[in-house]
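**Q** sequence and computational prediction follow.
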Amino acid sequence: MSYAIIRNTKYKRENLKGIYRHNERRNKNYSNKNINPKLSHLNYSLKDCKHSYEKEFDLIKEKYNLKGQIKTVSNIACEYIITSDKEYFNSIGIDETKRYFETAYKFVCEYKNLGEQYILSAKVHMDEETPHMHLVFIPVIHTKDKKGNCIDKIACSEFWKAKDSYRQLQDAFYNYMVANNFDLERGNPSERVHLSVEDYKKITNFEESKIVLKDIKIELPETPNVKSFGKLVRNRDEKIQELVVEPRDKMIKEQQEQISLLYLTLQNQVNTVERASKYEKERKSIICENRELKEKYENMENDYSVKFKEEIRKVINIFQFSKIIQNYKNML
């Protein structure tokens, strides 16, 4: 049986450029071998993004007068990865696969009364092994300000405020898809992963992230001290410091902060996948051990069953023999 799969990831502003290039296929080359560029023409948008995710965010924020304090560390966007398994999509065909993603898109628009206007992009990838949709949206809540006026506010932490918010998402998504005639399972609520580790690696561009992670340098470059220029420029120190060194140092520090955040994001992704791979191997090992124990138990059960039946037969034989003896005694 196949599962209705929806997963959420939160993003800061500096993350948007990378996921934009991946989702919208803006890169020329991909280290992810699962992407087949010859099939990229089969990809399609349920909501097209005319600009970069950053610019689209700014335009929506301004157009709808979105409130909320945005800091460098603030999560300003979320991304749903929506899919099932390859076999399921093969079984329902191309038209039903498209209806699957269209139905999922409607679910996102309606869930928590988000509204289609706050979706940045919804891109279906058909050029990878398993069809899936990347849906990027702004986590907007509908609330009131201190004066009691109705406002729309960017607030990722409040959007996912409930402790079981992801469980609620999974339940709601499953119920919505089943209500629209997709024969799927919710799965065991205690199971947190329905997507295989290999599928997760492919969809999240894991291998490419590892390569980028190795190439990132987070050390701050050394900057020369303007006073070391010597007597030749002594009278121009202040101007050079103000117009050249300080702006350059500020730019370098800002870039270093962004690179550090990117490094941490990629590192978390790589660590998550590697831990998942480890746990998957352990799980398979335990399943194999359990299977062996089960077979051993079944064999023991069969052996004891045979022995038990033999003992029953002996008791019956003894009982029948005792009846014969009793009958014989009565004849005497």
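**A** Perfect, I can see it now.
**Q** only C-alpha atoms for contact and neighbour calcs from this point on.
**A** Fine.
**Q** where does pLDDT dip in the stretch 151-300 of the chain?
**A** Counting by pLDDT under 70, the stretch 151-300 of the chain shows low-confidence ranges at 187-237, 239, 254-300.
**Q** apply 80 and report the result again.
**A** By pLDDT under 80, the low-scoring segments of the stretch 151-300 of the chain are 187-300.
**Q** same check, this time on the stretch 1-150 of the chain
**A** Across the stretch 1-150 of the chain (using pLDDT under 80), the flagged ranges come out as 1, 28-34.
**Q** what segments of the stretch 1-150 of the chain are helices?
**A** Defined through DSSP state H, counting those that start in this stretch, the helices belonging to the stretch 1-150 of the chain, from first to last, are 16-23, 53-63, 86-110.
**Q** could I have the CA atoms of the shortest one written out in PDB?
**A** These are the backbone C-alpha positions of helix 16-23, laid out as PDB (Å, rounded to 0.1, in the frame of the first residue of the first chain):
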ATOM      1  CA  LEU A  16      15.800  31.100  -1.000                       C
ATOM      2  CA  LYS A  17      18.300  31.600  -3.800                       C
ATOM      3  CA  GLY A  18      19.600  27.900  -3.600                       C
ATOM      4  CA  ILE A  19      16.100  26.300  -3.500                       C
ATOM      5  CA  TYR A  20      14.900  28.600  -6.300                       C
ATOM      6  CA  ARG A  21      17.700  27.500  -8.600                       C
ATOM      7  CA  HIS A  22      17.000  23.800  -7.800                       C
ATOM      8  CA  ASN A  23      13.200  23.900  -7.900                       C
END
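**Q** re earlier: just send the helices of the stretch 1-150 of the chain back as JSON lines, with mean neighbour count and distance to Leu135 too.
**A** Converted to JSON lines, the helices of the stretch 1-150 of the chain look like this (neighbours: other Cα atoms under 10 Å; distance: least, Cα to Cα, whole Å):
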{"stretch": "helix 16-23", "mean neighbour count": "16", "distance to Leu135": "9"}
{"stretch": "helix 53-63", "mean neighbour count": "16", "distance to Leu135": "12"}
{"stretch": "helix 86-110", "mean neighbour count": "15", "distance to Leu135": "8"}
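**Q** mind putting the ones you listed into a markdown table with distance to Tyr80?
**A** As requested, these are arranged in a markdown table below (distance: least, Cα to Cα, whole Å):
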| stretch | distance to Tyr80 |
| --- | --- |
| helix 16-23 | 12 |
| helix 53-63 | 15 |
| helix 86-110 | 9 |
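**Q** which one of those helices lies closest to Asp127?
**A** Among those, helix 16-23 comes nearest to Asp127, with 11.5 Å by Cα to Cα.
**Q** show me what His132 is bridged to.
**A** Applying DSSP bridges to His132 yields these beta-bridge partners: Thr83, His125.
**Q** in contact with Thr143, which residues?
**A** With contacts taken as Cα atoms under 8 Å, 6 or more residues apart in numbering, Thr143 has the following neighbours: 150-153.
**Q** Thr72 reaches Lys12, doesn't it?
**A** Yes - the pair Thr72 / Lys12 is scored as a contact, 7.4 Å apart, by Cα atoms under 8 Å.
**Q** need phi/psi at Asp183.
**A** phi -80, psi 90 (degrees, to the nearest 10).
**Q** what is the neighbour count of it?
**A** The local packing of Asp183 (other Cα atoms under 10 Å) involves 14 other residues.
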